[in-house]
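> just to be clear, the model below is a prediction. Sequence and coordinates:
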Amino acid sequence: MARQLKRSEVPVEQTWNLADIFPTKEAWEAEFNEVARMVGTVTRFKGKLGENAKTLLECFEAQEALMKRLAKVASYASLHLSSDGTNPEYQAMAGRARALGTHIRAAASFIRSEALSLPDGTLEKYLAKEPGLEPFRITVEKMIERKPHLLHPDTEATLAALGEVLSAPAMVYERSRTADLSLNPVADSKGTPYPMAFGRYETAADIVLRRNAYAETTRGMKAYQNTYAATWGTEVKKNVTMAKLRGYESAIHMLLDRQEVTIDIYNNLHDIILTELAPHMRRYARLRKEVLGLDKMLYCDIEAPLDPEFEPETTWEEASDIIING
């Protein structure tokens with residue numbers, strides 16, 4: 001079996017070029033500090049949003065400019081971490097970027113609270129009077145729709161400041177899966193061993209390799225089953241608590257509201273999937289089983305290629321050309 005390369009040993013040409021975002025880590029550091037200093041360009045509008053439509057527009061524009069620059073800083077750090085989740089330097093960069101984002105969102109939380117505290121109809125008048133607010137119309141309309149679920153400004157600021165903590169369950173799962181999960185090599189139908197990684201070989205044509213990879217993945221993750229259960233339980237309790245705080249009927253009502261989907265639409269879609277789509281999916285599964293020549297169709301066979309010859313391997317260069325040339 002060929003030695004599995006460490007993340008740091010992967011050829012440069014097979015990695016993304018983050019220099020397109022920032023040429024050096026020093027440049028990223030400089031922008032990080034500049035973004036941190038820019039918070040004042042937004043907070044200077046605190047207590048002034050009721051003055052006129054122009055002031056609200058300038059506040060929105062300042063916030064948008066700040067968030068665009070934050071997005072670059074956060075993306076650069078996040079992509080580095082994605083390339084090697086075990087690298088302490090990348091973990092630190094991503095952690096700092098998350099903390100900066102939390103700080104900025106907490107500082108800017110006054111915008112929604114203050115705007116919605118204005119007399120009824122004020123925001124609608126602003127939209128009608130100031131053409132420059134048109135790009136922010138959806139933002140304003142969504143704010144108005146969710147006014148019944150708005151908390152006291154101090155509470156909103158506190159929750160925004162706790163953003164990184166509240167997202168911890170998802171981060172714990174992702175970090176354990178990408179950095180700590182230890183998987184052993186797996187063999188194909190010829191007995192040839194292959195190095196393993198999460199999600200690898202799920203589309204492999206070799207049934208033995210594919211199923212061995214799935215079995216090894218579940219074995220590795222089983223070691224964390226209690227951790228994952230506790231993490232998931234924490235996420236559920238968080239959503240239930242947040243829904244109660246904001247006056248939603250349930251956590252699912254709160255989560256659907258973020259997607260602008262009603263509970264009736266959700267339930268209808270759920271019923272259609274179970275009653276209308278399910279029979280077709282069962283037929284499709286039976287067809288796949290027949291085409292693949294399987295005695296039994298397992299979950300790990302869902303992504304198996306029906307025609308391996310129709311899915312040739314593609315080099316990084318070829319993939320890049322296809323994307324660029326469309």
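Perfect, I can see it now.
> and the helix or strand hosting Leu66, what does it pack against?
Using DSSP states H and E, Leu66 falls within helix 53-83. In terms of contacts (3 or more C-beta pairs under 8 Å, 6 or more residues apart in numbering; DSSP states H and E), helix 53-83 is packed against helix 25-37, helix 40-43, helix 88-107, helix 110-116, helix 122-129. (C-beta placed from N, C-alpha, C; glycine too.)
> please repeat the previous calculation with a cut-off of 10 Å.
helix 25-37, helix 40-43, helix 88-107, helix 110-116, helix 122-129, helix 137-145, helix 168-175 (3 or more C-beta pairs under 10 Å, 6 or more residues apart in numbering; DSSP states H and E).
> just name the most buried of these.
Compared across the helices and strands packed on helix 53-83, helix 110-116 shows the largest average neighbour count, a mean of 20 (mean count of other C-beta atoms under 10 Å).
> I'd like the helices and strands packed on helix 53-83 written out as TSV, with distance to Lys222 and mean pLDDT added.
TSV is the format used below for the helices and strands packed on helix 53-83 (distance: least, C-beta to C-beta, whole Å; pLDDT from 0 to 100):
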stretch	distance to Lys222	mean pLDDT
helix 25-37	38	97
helix 40-43	47	97
helix 88-107	25	94
helix 110-116	43	94
helix 122-129	52	95
helix 137-145	42	93
helix 168-175	15	90
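> got a list of contacts for the helix or strand hosting Ala319?
Element membership of Ala319 [criterion: DSSP H and E] is helix 316-325. Contacts with helix 316-325, where a contact means C-beta atoms under 10 Å, 6 or more residues apart in numbering, come from 11, 13-15, 312, 314-315.
> how's the protein carved up into domains?
7-165, 172-325 (automatic domain parsing).
> tell me which of the helices and strands packed on helix 53-83 approaches Lys72 most closely.
With C-beta to C-beta, the closest approach to Lys72 among the helices and strands packed on helix 53-83 belongs to helix 25-37: 7.0 Å.
> elements contacting that closest one?
Taking 3+ C-beta pairs under 10 Å, 6+ apart as the contact cut, helix 25-37 packs with helix 53-83, helix 88-107.
> check the offset of stretch 273-284 from the chain's centre.
Computed by C-alpha atoms, centre = their mean, to the nearest Å, the chain-centroid distance of stretch 273-284 equals 29 Å.
> wait, is Met196 part of a helix?
No: assigned with DSSP: H, G, I helix; E, B strand; the rest coil, Met196 falls outside any helix and is coil.
> verify the contact between Val186 and Ala215 for me.
Yes: Val186 lies in contact with Ala215 (C-beta atoms under 10 Å); the separation is 8.0 Å.
> so between these two, which is more surrounded?
Val186 (23 against 12; other C-beta atoms under 10 Å).
> what sits against that one?
When contacts are counted by C-beta under 10 Å, 6+ apart, Val186 is found next to 192-196, 200-201, 204, 208-217.
> swap the cut-off to 7 Å and go again
Residues near Val186 by C-beta atoms under 7 Å, 6 or more residues apart in numbering: 193-194, 196, 209, 212-213, 216.
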